[in-house]
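1. Coordinates for the following, if possible.
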Amino acid sequence: MVRDAIEREERKRAIFDSMSARGQQRILKIGYENWDPFEEPKDPIDIRKDATKRTTQQLVRDFLQQCGHEKYSNAYGRGVLEIAIGIVNEDDRFIGMFEFAKWYVEQVKMAQQSE
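-> Numbers count the residues shown, from 1 in each chain. Got it, this is the predicted structure:
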């Protein structure tokens, strides 16, 4: 196990040494210790799936089929696609919009019940 760690560090150093000065500066900014040149690449967007095991494209298609044609416009479709991508990618901006929308629905329900 120790031998593997030593070999990994030697390979990491060799990769770092073979980089351009500009590339090395970028690594040093984040910290050489924090840098992992062996990190697995992220899944391409087209095969990323959400908690329901559906891709962004599947989510958008299913939603638009269920919402009906009377609501649909190009802007509406773009908005659905944009938030679906944001949620699947776990982008804080879109998570915030989603949570606000859920909260707002509850506020409207409470206001209607109190009337």
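2. what's the domain layout of the protein?
-> Here the domain parsing of the chain from automatic domain parsing is 2-34, 45-113.
3. I'd like those laid out as JSON lines, including mean neighbour count and mean pLDDT.
-> C-beta: built from backbone N, CA, C; applies to glycine. What follows is the domains of the chain, written out as JSON lines (neighbours: other CB atoms under 10 Å; pLDDT from 0 to 100):
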{"stretch": "domain 2-34", "mean neighbour count": "10", "mean pLDDT": "89"}
{"stretch": "domain 45-113", "mean neighbour count": "12", "mean pLDDT": "87"}
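4. Next, residue 20: phi, psi?
-> With angles defined as degrees, to the nearest 10, residue 20 sits at phi -70, psi 160.
5. same question, the one 3 residues further on
-> Torsion angles at residue 23 (phi, psi; degrees, to the nearest 10) stand at phi -60, psi -40.
6. center of this structure - which residue?
-> Geometric centre of the chain, nearest residue: residue 89, 1.8 Å, by CA atoms, centre = their mean.
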